[in-house]
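Engineer: curious how this folds, go ahead:
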Amino acid sequence: MDAESIVSIEQQVAGLHRVAQVAVDPLAPEEALRRIAEEACLLTGASASAIAFLTESETKLRLVAVAGEDVQDLRGTVFRVENSLMESTVRRGENAIPFYPVHPDPVMESLLGGARLRGAAVVPIQCDQRMLGALAVLNKRDGSRFDSSDVRILQILASHIASLWRRRQLEQRTDRLRRELDVMYHAAQSIGSSLNLNEVLDTVVDEVAAHLPHAFAALFLLTDERTHLFIAAERGLEGEEREVMLAADEGLQAEVLRSGEPRLVNAADLEPGVEQFVPRLRIHSALYAPVKSRTKTLGLLLVTSTSRNAYTEADLKLLNGVASQAGIAIENALLYEDAHRRAEEATSIYELSQSVNSSLELHSVLDLVADSVLRLLQVDKFALMLYDSNEGVLRTYVSRGVDPAYFDRLRPTKGQGIPGWVLEFQSPVYVLDVSADPRNAAVPLDREGVVSLACVPLQVGMEPMGVMLAMSSRRRLFTIAEMELLYTIANQAAVAIDNALRYEEERQKSEDLRQYFLRVARAIGSTVKQGEVPQLIANIAAEVLRADRAIYYTVEGHRVKPMAVSGSRVATLLDEEEASSMAWVVKTGRPLLVYQASSDVRFRDDPFVQREGMASCLAVPLGGKKPTSLLAVYTLQPRKFTRHDAELLSTVAELVLET
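Structural biologist: Numbers count the residues shown, from 1 in each chain. Sure thing, here's the model as predicted:
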């Protein structure tokens, strides 16, 4: 063996040692492959070398490293396996030593700067029985052919490349596992740290959005009927996009819900089940993961991308892990909130019922209702509107967290705005995004910072009397349970408000009438003759109580004598026999209130009631326990007279008589 051969062998040993060192040094993969490519040129005396890896389709190769004197840097170039210099090596795992190849390879010749490809040596790069690609050296610098010794050197280099690939895969897997562990730990800490449902929902989507690239990410929950999925929390959507509901029995979401298994989609145009519900963001890739509790499926997590092949199986595994954490956290929050809500609601509803029913002051009732809604539903804004039938509009009677002047200017009619819609259809409604609701334009509540709201009607019997709004300055979901609670409060409030309004109305009416009759009595005291007083009393009584007829009687012993009938000064319109029904009032000294005179035995023989067709009667004794006179009013339509009406009638007569 001559000295030149010994030097050559020493150079090869040194080169292989350098390659072995490259394989273990913590270099970036691109740098390590470049160095191996350079060593391939040195160890084989080649003008150029190239390392190419198969793409996912395995029909193409991508140049990942090149080396040599005056070579063109074509790293990243993708070319077809077919008819390439590396075809037989990649397809059959064969070593190749072509000399003046029959089929020219334009990529390799471009690598050589356009020089003709005279000879090459190509070996496969394999790892764990998987074909990764090929290593090739081109054109011996001395013009000779590559031989088996060159192939053996390239095989050693190829094994180091495979080791680098394996190490890279292990590092990536380790990084991925570390990332998944970090994400899962952080997600568990964040998601499980709260028992507030809205906070849990927001945290889940925040975790997903922070660790997965997305056009939008959304957490869907099933409705109570389990027929549709609604967006409970999201990132990346706008306006009305947040109001979208998906059918639970159609599309890919139905398959995920039914099977309970996550799905990865990297070509949405080839997957007909992917629903394109956001027109401005065309979905090309998506991740679906079911959100399950211990006993049932609650909904699903959806992450989307506008790019193809945006996600990997590792991403799907990560999303599914977060979804599992979310299902447990959501169930815990629901159970906690349900238990806490029931206990607090029971106490609060009882206290509210006791409080509102013990007060007939309207402003006190309204304040109690407002405070209860703010506390129980955890909202920061509230308004209660009552319907003004005279003007046909809703008026705000009490508000919290908003500008009272602004709400006072809002006077929606039936069907106008969200409040008017609820009043017209007598149907409760909750709105996740008020600004996006078309009904809001007519009566814009979002101008006062209202983002989400729940609105329920106020009614007593079948009559609508107003609406009640629980509003939030942040986006939040109102559950069915919260809507039922608001309805319960509204029912309590409606009765109490109705009582307070009636009391206020009657009190004001009574006070007005007292003042009115006092003035009338004083005014007529000096002008009316004594004989005209009975007729005056009858006329005023009919007018005050809006009765069809009023009669003034005097009592002489056991005789009841009619003295005057409203609307007539002819006392002979009645005789004493027609006053027989008043004997009960004289005997008991108590007012007589009759709703249906035709079925009352005291009016069975009363010819006046029979002749005139009177339906209802109110009669009051005048002059103490032993009355000296009586005053009675009659109506043609049935009417429920009250004790207040009896007191008013007595007051009218006494004032006139005293004057």
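
Engineer: use CA for all of it now, contacts and neighbours both
Structural biologist: Will do.

Engineer: endpoint to endpoint, stretch 541-555 covers what distance?
Structural biologist: 19 Å (CA to CA, to the nearest Å).

Engineer: just how off-centre is that stretch within its chain?
Structural biologist: Averaging C-alpha positions (CA atoms, centre = their mean, to the nearest Å) puts stretch 541-555 61 Å from its chain's average.

Engineer: that one - what's its average pLDDT?
Structural biologist: In this model, stretch 541-555 has an average pLDDT of 87.

Engineer: quick one: buried residues of it?
Structural biologist: Of all the residues in stretch 541-555, those buried under the rule 16 or more other CA atoms under 10 Å are 541-542, 545, 547, 549-555.

Engineer: give me the helices and strands touching the helix or strand that contains Ala210, please.
Structural biologist: For Ala210, the enclosing helix or strand under DSSP states H and E is helix 197-211. Helix 197-211 sits against helix 148-191, strand 216-222, strand 228-235, helix 313-357, with contacts defined as 3 or more CA pairs under 8 Å, 6 or more residues apart in numbering; DSSP states H and E.

Engineer: same for the third one, what does it pack against?
Structural biologist: This means strand 228-235. Using 3+ CA pairs under 8 Å, 6+ apart, strand 228-235 is in contact with helix 197-211, strand 216-222, strand 245-247.

Engineer: and it, which strands flank it?
Structural biologist: Using DSSP bridges, the strands paired with strand 228-235 are strand 216-222 (antiparallel), strand 245-247 (antiparallel).

Engineer: run through who's touching it.
Structural biologist: Strand 228-235 has contacts (CA atoms under 8 Å, 6 or more residues apart in numbering) with 201-202, 205-206, 209, 216-223, 242-249, 299, 477.

Engineer: measure Leu117 to Gly143 for me?
Structural biologist: 11 Å.

Engineer: look at those two and report which has more neighbours.
Structural biologist: Each of Leu117 and Gly143 has its neighbours counted (other CA atoms under 10 Å); Leu117 has more, 20 against 12.

Engineer: ok, the more buried one - contacts?
Structural biologist: Here Leu117 is in contact with 100-101, 104-105, 108-109, 138-139 (CA under 8 Å, 6+ apart).

Engineer: out of the residues you listed, which sit inside helices?
Structural biologist: 108-109 (DSSP state H).

Engineer: so which of the contacts of Leu117 comes closest to Asn196?
Structural biologist: Among the contacts of Leu117, Met108 lies closest to Asn196 (CA to CA), at 63.6 Å.

Engineer: contacts only, for that closest one.
Structural biologist: 85, 117.

Engineer: over to Leu135. Which of the three states is it?
Structural biologist: Three-state call for Leu135 (DSSP: H, G, I helix; E, B strand; the rest coil): strand.

Engineer: for the closest residue to it other than its chain neighbours, give me the pLDDT.
Structural biologist: Spatial nearest neighbour of Leu135, excluding adjacent residues (CA to CA, 6 or more residues apart in numbering): Ile51 at 4.7 Å. Looking at Ile51, its pLDDT reads 93.

Engineer: how near is Ile51 to Ile125?
Structural biologist: 9 Å.

Engineer: same question, Leu85
Structural biologist: In terms of CA to CA, Leu85 sits 15 Å off from Ile125.

Engineer: for the helix or strand that contains the residue nearest to Leu135, packing partners?
Structural biologist: According to DSSP H and E, Ile51 maps onto strand 46-54. On a contact count with 3+ CA pairs under 8 Å, 6+ apart, strand 46-54 meets helix 29-44, strand 60-68, strand 130-140.

Engineer: and these: which comes nearest Val393?
Structural biologist: strand 60-68 (72.9 Å).

Engineer: for that closest one, give the mean pLDDT please.
Structural biologist: Across strand 60-68, pLDDT averages out at 92.

Engineer: with just CA atoms, put that strand into CSV.
Structural biologist: The C-alpha coordinates for strand 60-68 follow below in CSV (Å, rounded to 0.1, in the frame of the first residue of the first chain):
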residue,chain,number,x,y,z
LYS,A,60,-41.7,14.0,-4.2
LEU,A,61,-38.4,14.8,-2.6
ARG,A,62,-37.2,18.0,-0.9
LEU,A,63,-33.6,19.1,-0.9
VAL,A,64,-32.6,19.7,2.8
ALA,A,65,-28.8,20.1,2.4
VAL,A,66,-26.2,20.6,-0.4
ALA,A,67,-22.5,21.1,-0.5
GLY,A,68,-19.6,21.4,-3.0
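
Engineer: report the angle between it and strand 46-54.
Structural biologist: Computed with axes from the mean of the first three to the mean of the last three CA atoms, to 10 degrees, the direction of strand 60-68 lies at 150 degrees from that of strand 46-54.

Engineer: can you tell me what sits against strand 60-68?
Structural biologist: Under the contact criterion CA under 8 Å, 6+ apart, strand 60-68 has outside partners 30, 33-34, 37-38, 41, 46-55, 73-81, 133.

Engineer: give the next helix or strand downstream of that strand.
Structural biologist: Per DSSP H and E, the helix or strand that comes after strand 60-68 is strand 78-80.

Engineer: next secondary structure element downstream of that next one?
Structural biologist: Past strand 78-80, the next helix or strand by DSSP H and E is helix 87-92.
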